[in-house]
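Undergrad: Sharing a sequence plus its predicted fold:
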Amino acid sequence: MRSLRPKSTFSRSILVAALVSTTTLTLFAQGSAESNPIDQVLQNAVNENRLPGVVAMVAVADKVTYQGTFGKRDTTKNIRLTVDSIFRIASMTKPVTSVAVMQLVEGGRVKLDEPAATYLPELAHVQVLEGFDPGTGKAKLRPPTTPPTVRQLLTHTSGFAYEFFDPELQRYVATGAVPSARQGDDGFLKAPLLFDPGTRWEYGISTDWLGKLVEKVGGQTLEDYFRQHIFQPLGMTDTFFDVPPDKQARVVALHQRLEDGSFMEPPQQPFQPVRFFSGGGGLYATANDYMKFLRMLMDGGKVGSKRILKSETVAQMSRNQIGDLVLVQLRSLLPQFAKDPVRIPGSLDKFSLGFAINTRPVPGGRSPGSLAWAGIFNTFFWIDPSRKTCAVIMMQILPFSDEVTNSVVEKFERAVYASSAGAAAFRLGRN
């Protein structure tokens, strides 16, 4: 989930109805819930003022089987959400960056177990923060026992963290030794490690470093690399770091949940040019565009005739890569952006090369071995390879890990698998 960076302050989960010929695509631009269980969940959430708006899509096998939009894109101006509404996807940028890195691995230009400093010399001198001197308050730093590798950056076992999830790093930032991630540029990349690489899992700025690696090895900006090697081949025409002026009106307004459970829409800030292409969290996208990306992964690296990764690479990216390590419970230090403790639906306990994995089945939901992640503004996805099902659900509301929003996401997942297309996906998984 990263990037607590709306323009103002931080600049920044399927169904397949197509498994049987009688199943048709369900489209609801602003429809009534009718008898569709997915519609019921999402429409009720909006009708009961638990969400200002939501867009969701599901795909099974090779077809999109559900698409629904409910609520408002802008509550102040009373503008309805549309299927082409553009969302801040924040940390759902990370899987895109991970795919870019694996393209370079496929091409022999990057090796997973090489020190990342091989490609980014500035990482050769990274230090581990061991704490602070009790007398002077000065940070105590030492060299890591081993340098962080590319694989460790992909799996969040590098030692890097986020200041808003770790009190030690937050204190270090407060000393002025390194800029806050909230600043909007790449100064926060100067932050130290919090532990020796490979010794534990902790979510952090690793994927921002990978974005830098793609730029260095790929020889172009991250924006240009994504456009040429991922977005254009997949037909992702509404995914950007910088949203073009003629598309900015389609960007969904950000809402803040208040203590009484209601929400407000803060004044919208003007768009400013991106100062840093954040591989960890800088993209805007539509649900339709991100679904194309998910379907590519679900289909082993291709959509139709467009292949951007080998099937073997996607299989590698889908396996646990952290051994006996487990995902740690994140604690939020900024409750207005993420509720404490931070929880992402899906029983996630392992990590692959760019995705979290649930090794146990989710009751009424996804299968073991499914891939998932989310974005701080409450955008979520999952890919269920065994049932060939993927889904994405997007909202624009803070804080992340809010009980109401998580409940909607979990009900959405159960509705996906309870629907007719979900039953088809279950049959597919047994074949």
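TA: Received, thanks.

Undergrad: drop to CA atoms for contacts and neighbour counts, all remaining ones
TA: OK.

Undergrad: Residue 378 reaches residue 394, doesn't it?
TA: Yes. Counting by Cα atoms under 8 Å, residue 378 touches residue 394, with 6.5 Å between them.

Undergrad: so the residue positioned nearest the centre of the chain, which of the three states?
TA: What sits nearest the mean C-alpha location of the chain, by Cα atoms, centre = their mean, is residue 92, with 2.1 Å. Recorded secondary structure, residue 92: helix (DSSP: H, G, I helix; E, B strand; the rest coil).

Undergrad: From residue 228, how far out is it?
TA: Going from residue 92 to residue 228 by Cα to Cα, to the nearest Å gives 19 Å.

Undergrad: Now residue 215: which helix or strand?
TA: Taking DSSP states H and E as the criterion, residue 215 maps to helix 206-218.

Undergrad: so how far is that helix off the chain centroid?
TA: 17 Å (Cα atoms, centre = their mean, to the nearest Å).

Undergrad: Okay, helices next: where are they in the stretch 151-300 of the chain?
TA: For the stretch 151-300 of the chain, helices defined by DSSP state H, counting those that start in this stretch occupy the ranges 167-174, 206-218, 222-226, 232-234, 287-298.

Undergrad: For the first one, which outside residues touch it?
TA: Yep, that's helix 167-174 we're talking about. 131, 139, 161-164, 178-180, 191, 194, 333 (Cα atoms under 8 Å, 6 or more residues apart in numbering).

Undergrad: What about these, which are in strands?
TA: 131, 139 (DSSP state E).

Undergrad: and the contacts of helix 167-174, which are buried?
TA: 131, 139, 161-164, 178-180, 191, 194, 333 (16 or more other Cα atoms under 10 Å).

Undergrad: could I get the contacts of helix 167-174 as JSON lines with distance to residue 52 and pLDDT?
TA: Listed next are these as JSON lines, based on distance: Cα to Cα, whole Å; pLDDT from 0 to 100:
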{"residue": "131", "distance to residue 52": "43", "pLDDT": "95"}
{"residue": "139", "distance to residue 52": "44", "pLDDT": "96"}
{"residue": "161", "distance to residue 52": "32", "pLDDT": "97"}
{"residue": "162", "distance to residue 52": "29", "pLDDT": "96"}
{"residue": "163", "distance to residue 52": "29", "pLDDT": "95"}
{"residue": "164", "distance to residue 52": "26", "pLDDT": "94"}
{"residue": "178", "distance to residue 52": "37", "pLDDT": "94"}
{"residue": "179", "distance to residue 52": "34", "pLDDT": "93"}
{"residue": "180", "distance to residue 52": "30", "pLDDT": "91"}
{"residue": "191", "distance to residue 52": "36", "pLDDT": "97"}
{"residue": "194", "distance to residue 52": "38", "pLDDT": "98"}
{"residue": "333", "distance to residue 52": "25", "pLDDT": "95"}
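
Undergrad: The contacts of helix 167-174: which two are farthest apart?
TA: For the contacts of helix 167-174, the maximum inter-member distance is 19.9 Å, found between 139 and 333 (Cα to Cα).

Undergrad: Need the three-state assignment for residue 327.
TA: Here residue 327 is recorded as coil under three-state DSSP.

Undergrad: heads up, I number from 223, so please use that
TA: Understood, numbering begins at 223; the last thing we discussed is residue 549.

Undergrad: right, and it touches residue 423 too?
TA: Yes. Using Cα under 8 Å, residue 549 is in contact with residue 423, at 5.9 Å.

Undergrad: ok, those two, which is more surrounded?
TA: Neighbour totals were compared for residue 549 and residue 423, and residue 423 leads with 23 against 18 (other Cα atoms under 10 Å).

Undergrad: Now the more buried one. Nearest residue, chain neighbours left out?
TA: Distances taken as Cα to Cα, 6 or more residues apart in numbering place residue 379 nearest to residue 423, at 4.6 Å, with adjacent residues excluded.
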